[in-house]
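In: next one to model:
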Amino acid sequence: MIALITGASSGIGEEIAKKLAKRGFNLILTARREDRLEDIKQEIKAAYNVKVKTLPYDLSKKEDCIALYNDVKGLNIDMLINNAGFGLFGKFTDTDLDTELQMIDVNIKAVHILTKLFLKDFCKRNHGYILNVSSIAGYMAGPLMSTYYASKNYVLQLTRAISEELKRAKLDGVYIGALCPGPVTTEFNKVAGAEFAVSGSSASEIAEYAVKEMLKRKVIILPKSTIKALSVVSRLAPPKIVLKGAYYAQKARRGDPSDNADDNN
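Out: Down below sits the predicted model:
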């Protein structure tokens, strides 16, 4: 079995790679940081008797997404983990447009392209797994991280729709699911320019749960009971209440961005 993992140079992507290697999967790891990928490759090979290949690509570029697919399409990939993504904290009028567009390219376009290309192959074989990393943010709008929340809504709803299509096509050998974690202790906070008001789960904990539930073919994976509860509240509570709650949750990270203009990215 061969698994391709994007955003594998740190955090959840790195940890999912280790959990899959422990289960005997051979790995293809991709991210922009080639040196970091090589370090992880050597660590995994030393710990587990599996093959590991690294492919440095910038998935904010459409041509790199397609090149990645073309590089590996002859290998009969069994599993795709769409993990690459990042966030940005700040008022919509203050955040940098180029950074937001890059976020949309990574969080949405790369997921869309790779899901479509690999899913077609998986459907022909009636075999394969796709796990798209969304977020509990995918259940709601997120003032002060508006673009990030919107991008994770896209990933979650796209995944749910495709899952229904596969069910109706009776392609029982093809799985697609969405991982929706809450706060996770990774490099994400540093990149987004935000700190959580509550402690997050470790990336290792999230990865272990994600892999276990994916192999059980769970479509929506919500680690921890508090995240499950929040997903229910976000759907049942009045939208105005959910919006206010999301705003104050984000504000608690860093304070209102208007009071911290130097911290905006």
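In: surely K61 is in contact with L101?
Out: No. The pair K61 / L101 is not scored as a contact, 12.0 Å apart, by CB atoms under 8 Å. Quick note: C-beta positions are derived from backbone N, CA and C, even for glycine.
In: got any ranges where the chain has weak pLDDT?
Out: 184-200, 224-237, 241-242, 244-248, 251-265 (pLDDT under 70).
In: what's the neighbour count on P181?
Out: The burial metric for P181, expressed as a neighbour count using other CB atoms under 10 Å, is 25.
In: next up, the contacts around it.
Out: Applying CB atoms under 8 Å, 6 or more residues apart in numbering, one finds that P181 lies in contact with I12, V133, S135, I136, S201, I206, A210, P223, I227.
In: can you tell me the element I130 falls in?
Out: Assigned by DSSP states H and E, I130 belongs to strand 128-133.
In: now the helix or strand just after that strand against strand 128-133, angle please.
Out: Under the assignment DSSP H and E, the closest C-terminal helix or strand after strand 128-133 is helix 146-168. Inter-element angle recorded for helix 146-168 and strand 128-133: 160 degrees (by axes from the mean of the first three to the mean of the last three CA atoms, to 10 degrees).
In: flag every buried residue along helix 146-168.
Out: By neighbour count, and taking 16 or more other CB atoms under 10 Å as the criterion, the buried residues in helix 146-168 are 146-156, 158-160, 162-163, 166.
In: ok, the closest residue to S9 other than its chain neighbours - how many residues close by?
Out: In space, S9 comes closest to A31 once its chain neighbours are excluded; the distance is 3.7 Å by CB to CB, 6 or more residues apart in numbering. A31 is flanked by 24 other residues according to other CB under 10 Å.
In: now the helix or strand containing N70, how far from the chain's geometric center?
Out: Of the helices and strands defined by DSSP H and E, N70 is found in helix 62-72. Average the C-alpha atoms of helix 62-72, do the same for its chain, and the two points are 18 Å apart (CA atoms, centre = their mean, to the nearest Å).
In: can I have that helix written out in PDB, keeping just the CAs?
Out: As requested, the backbone C-alpha atoms of helix 62-72 are provided in PDB (Å, rounded to 0.1, in the frame of the first residue of the first chain):
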ATOM      1  CA  LYS A  62      -1.700  24.700 -10.300                       C
ATOM      2  CA  GLU A  63       1.200  23.400 -12.400                       C
ATOM      3  CA  ASP A  64       2.900  21.900  -9.400                       C
ATOM      4  CA  CYS A  65      -0.300  20.100  -8.400                       C
ATOM      5  CA  ILE A  66      -0.600  18.500 -11.800                       C
ATOM      6  CA  ALA A  67       3.200  17.800 -12.000                       C
ATOM      7  CA  LEU A  68       2.900  16.000  -8.600                       C
ATOM      8  CA  TYR A  69       0.000  13.800  -9.900                       C
ATOM      9  CA  ASN A  70       1.900  13.000 -13.200                       C
ATOM     10  CA  ASP A  71       5.000  12.100 -11.100                       C
ATOM     11  CA  VAL A  72       3.200   9.400  -9.200                       C
END
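In: counting by contacts, list what that helix packs against.
Out: Under the contact criterion of 3 or more CB pairs under 8 Å, 6 or more residues apart in numbering; DSSP states H and E, the helices and strands touching helix 62-72 comprise strand 52-56, helix 111-125.
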